[in-house]
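Asks: generate coordinates for the sequence data below:
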Amino acid sequence: MRPWLAAYPPGMPSTIDADGLGTLVDLFKASTTRFADRPAVTCFGSSVTYAALAASARALAGWLQAEGLAKGDRVAIMMPNVPAYAIALFGVLAAGGTVVNVNPLYTPRELAAQLNDSGARVLIVLENFAHTVAATLPELSLDRVVLVGPGDGLGLKGRVIGLASRHIRKAVPPFSLPQGLTVRFEAVLKRGRGLTAKPVVVVQDDLAFLQYTGGTTGVAKAAMLTHRNIMVNVAQSQVWFEAYDEDIRRTMVTALPLYHIFALTCCFFFFMRVGGNCLLIPNPRDADGFVKILAKSRFTQISGVNTLFNLLNNHPKIGTVDFSNLDYVVAGGMAVQKAVAARWKAVTGKAIIEGYGLSETSPVVCVNPYRLEEWSGTIGYPVPSTDVSIRDADGMPVPAGVPGEVCVRGPQVMKGYWKRPDETAQATTADGFFRTGDVAVMEADGQVRIVDRMKDMILVSGFNVYPNEVEDVLACHPGVLECAVVGAPYDETGEMVVAHVVLRDATVTTDAIRAHARTQLTGYKVPRRVVIHQSLPKTNVGKVLRRALREDAPPA
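Replies: Residues are numbered from 1 along each chain as shown. I've put the predicted structure just below:
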């Protein structure tokens with residue numbers, strides 16, 4: 001049964017023809033030919049056209065092949081949202097390689113673990129983070145390290161940006177890398193333009209990405225994502241958000257890092273397919289700089305996570321941003337809080353369209369209707385060609401309205417975990433569903449409402465407490481800027497609820513916060529302890545690290 005199909009708008013297909021979609025290399029060739037003169041990415045006030053992106057990517061592909069890169073070899077990309085990321089991404093794929101996305105804020109230990117696990121032969125890294133590579137180098141087996149400048153890929157404007165950023169680079173820790181190992185990105189492109197990339201036969205079942213996941217819950221492992229996985233998910237997203245008029249120039253504010261699967265598929269590849277432009281935000285944590293860029297730009301879409309929308313909501317100059325051209329706003333990565341959604345609608349006039357996905361599902365599984373007038377508090381309906389089943393601890397489907405684990409089956413689900421067949425088997429049901437580890441309920445019409453992560457659930461005197469619910473209540477207190485809820489050991493009840501809070505109003509007391517919670521939550525859900533912070537630990541995407549809060553918790 002697929003009750004959600006009845007909620008699809010007229011003309012929405014129930015399935016996607018995956019075989020007819022081709023590969024990401026096909027997408028690249030088609031889009032850079034069809035939209036040659038359009039801007040593909042914009043950053044630092046300058047744009048790279050589709051044609052220029054194609055020329056640079058082909059040059060990189062030619063250089064990689066000349067360096068001995070064979071089909072299926074892994075190339076790691078360690079950059080924030082700068083133009084060179086787009087060039088590197090398509091260059092590696094065009095050469096037949098597999099991309100390993102690396103968080104540039106990784107420590108040497110994390111970097112070594114990921115590069116060694118993936119077996120990456122080449123690392124392309126923004127020079128601002130080369131000190132981490134230098135510290136890790138004795139533990140690595142790299143053939144080449146390519147150093148990228150912030151403005152690389154932008155031509156003359158990029159060189160100006162490079163000179164202007166010298167004062168920033170002075171604050172970066174010094175590093176030393178062997179000359180025979182390292183090469184500059186612009187030198188690579190210059191040499192590659194004199195080479196001809198050899199044609200590589202890339203098929204849908206070839207690996208496009210080793211997408212590492214698990215940073216918020218434990219040891220990272222790589223989801224093996226094929227060209228088919230990503231291409232299907234792009235097509236699923238495209239039919240959901242209606243057909244695009246080719247004459248309309250659309251710009252997606254891309255603040256989430258492209259090394260994260262949400263931005264990679266839903267911003268970059270999706271907009272490449274339809275001839276759109278990605279407005280790259282290198283550092284969204286710089287709220288002043290972010291708002292300044294928005295105020296100078298005309299954009300039609302924006303994507304983000306709850307913390308990013310909360311950041312913009314509370315910026316004193318958000319009123320200088322023109323949201324009149326905004327078509328839709330998409331959220332994922334973590335639950336959107338009711339207070340944040342309401343404030344965003346008041347500021348921009350647009351409701352947040354919340355969706356749901358994971359690295360293992362490329363990522364989109366469910367999403368709310370395109371023309372949503374008000375934030376729904378749900379993750380919407382499964383996208384075409386996707387089965388979602390809510391199951392109990394024994395793997396049996398539960399009735400509508402009953403919480404259970406979200407299990408997903410569809411062509412966007414990963415091939416498996418890289419070099420981890422046992423974990424792949426544990427995450428897969430006997431009938432081929434991927435077990436997400438998330439708790440949700442499915443309504444009778446097929447709409448899905450996330451309850452929480454199974455690992456984050458708190459057990460108080462035998463009662464389940466879901467942090468998302470408590471956080472949603474606390475976030476509605478006018479004196480609370482942001483919050484996170486975790487469990488801590490407690491002799492009387494097994495565990496207790498602990499709220500970690502950043503205040504908007506420093507005069508608010510912990511007792512006042514607990515009193516607010518008691519007005520809307522039953523007794524066992526009310527935080528026994530409230531801890532005040534200046535900031536909460538987050539991933540670079542903006543997801544709060546509940547695990548870090550649990551580990552740093554003071555004794556009861």
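
Asks: quick check: V125 vs W418, distance?
Replies: 21 Å (C-beta to C-beta, to the nearest Å). Where you see a C-beta, it was placed from the backbone N, CA and C, and this is true even at glycine.

Asks: now the end-to-end length of stretch 241-255.
Replies: Stretch 241-255 has an end-to-end distance of 20 Å (C-alpha to C-alpha, to the nearest Å).

Asks: same question, stretch 426-442
Replies: 23 Å.

Asks: go on, stretch 386-405?
Replies: This stretch, stretch 386-405, spans 16 Å end to end (C-alpha to C-alpha).

Asks: swap in stretch 93-110?
Replies: 24 Å.

Asks: average model confidence for it?
Replies: Stretch 93-110 comes out with an average pLDDT of 93.

Asks: could you point out which element follows the strand or helix carrying R228?
Replies: Element membership for R228 (DSSP states H and E) is helix 227-240. Next helix or strand after helix 227-240 toward the C-terminus (DSSP H and E): strand 251-254.

Asks: how far off centre is stretch 17-30?
Replies: Centroid separation for stretch 17-30 versus its chain: 22 Å, with C-alpha atoms, centre = their mean, to the nearest Å.

Asks: what do you get for stretch 131-141?
Replies: Stretch 131-141 sits 26 Å away from the centroid of its parent chain (C-alpha atoms, centre = their mean).

Asks: same question, stretch 335-352
Replies: 20 Å.

Asks: need the contact list for A6.
Replies: By C-beta atoms under 8 Å, 6 or more residues apart in numbering, the contact set of A6 is D445, G446.

Asks: report pLDDT for it.
Replies: A6 is given a pLDDT of 95.

Asks: can I assume it sits in a helix?
Replies: Yes. The assignment for A6 is a helix, going by DSSP: H, G, I helix; E, B strand; the rest coil.

Asks: where's it relative to I318, distance?
Replies: Distance of A6 to I318, computed by C-beta to C-beta: 39 Å.

Asks: for N368, same thing?
Replies: 24 Å.

Asks: equivalent analysis for V145, please.
Replies: For V145 relative to I318 (C-beta to C-beta), the value is 40 Å.

Asks: more neighbours: which of these two?
Replies: Remark: of V145 and I318, V145 carries more neighbours, 21 against 18, as counted by other C-beta atoms under 10 Å.

Asks: look at that one and give its secondary structure.
Replies: Going by three-state DSSP: V145 is strand.

Asks: which one in the protein is furthest away from the centre?
Replies: Distance from the C-alpha centroid of the chain, by C-alpha atoms, centre = their mean, peaks at E492 (39.4 Å).

Asks: do you know the pLDDT at that one?
Replies: pLDDT, E492: 80.

Asks: now do the one 10 residues further on
Replies: Reading off the confidence values, V502 has pLDDT 97.

Asks: quickly list what it is bridged to.
Replies: With DSSP bridges as the criterion, V502 is bridged to E482, H533.

Asks: surely it touches G479?
Replies: No. Using C-beta atoms under 8 Å, V502 is not in contact with G479, being 10.3 Å away.

Asks: residues contacting the closest residue to K543 other than its chain neighbours?
Replies: Closest residue to K543 apart from its sequence neighbours, by C-beta to C-beta, 6 or more residues apart in numbering: M334 at 4.8 Å. Applying C-beta under 8 Å, 6+ apart to M334 gives the contacts V305, N306, T307, G542, K543, V544.

Asks: thought the first one was touching A331?
Replies: Yes. With contacts counted by C-beta under 8 Å, V305 reaches A331, the gap being 6.4 Å.

Asks: and E443, how many residues sit next to it?
Replies: Neighbour tally, E443, other C-beta under 10 Å: 15.

Asks: any idea how far the helix or strand harbouring V100 is from the chain center?
Replies: Using DSSP H and E, V100 maps to strand 98-101. Distance, stretch centre to chain centre, for strand 98-101: 15 Å (C-alpha atoms, centre = their mean).

Asks: is the residue nearest to K543 part of a helix or strand, or is it coil?
Replies: Assigned with three-state DSSP, M334 falls in the coil class.

Asks: give me phi/psi at it?
Replies: Reported as degrees, to the nearest 10, the phi and psi values for M334 are phi -160, psi 160.

Asks: check the one 10 residues further on too.
Replies: The main-chain torsion angles of W344 are listed as degrees, to the nearest 10 and equal phi -60, psi -40.

Asks: please enumerate the strands of the stretch 1-150 of the chain.
Replies: Counting by DSSP state E, counting those that start in this stretch, the stretch 1-150 of the chain has strands at residues 39-43, 46-49, 74-78, 98-101, 122-126, 144-148.

Asks: show residues contacting the last one.
Replies: The contact list for strand 144-148, computed with C-beta under 8 Å, 6+ apart, reads 67, 79, 82, 84, 88, 121-127, 130, 133, 177, 181-185, 188.

Asks: out of those, which end up buried?
Replies: Among the contacts of strand 144-148, the ones that count as buried by 16 or more other C-beta atoms under 10 Å are 67, 79, 82, 84, 88, 121-127, 130, 133, 182-183, 185, 188.

Asks: not counting sequence-adjacent ones, nearest residue to K71?
Replies: G96 (3.7 Å).

Asks: ends of stretch 263-274, how far apart?
Replies: Stretch 263-274 has an end-to-end distance of 15 Å (C-alpha to C-alpha).

Asks: please disregard the earlier target; I meant stretch 514-534.
Replies: So stretch 514-534: terminal residues 19 Å apart, C-alpha to C-alpha.

Asks: chain center to that stretch, what's the gap?
Replies: With C-alpha atoms, centre = their mean, you get 30 Å for stretch 514-534.

Asks: for stretch 486-495, same thing?
Replies: 32 Å.

Asks: in it, what counts as buried?
Replies: Within stretch 486-495, the residues that count as buried by 16+ other C-beta under 10 Å are V486, G487, A488, Y490, T493, E495.

Asks: farthest-separated two in the residues you listed?
Replies: V486 and T493 (14.7 Å; C-beta to C-beta).

Asks: picking that back up, any shared contact partners between V502 and G479?
Replies: Contact criterion C-beta under 8 Å, 6+ apart; residues shared by V502 and G479: none found.
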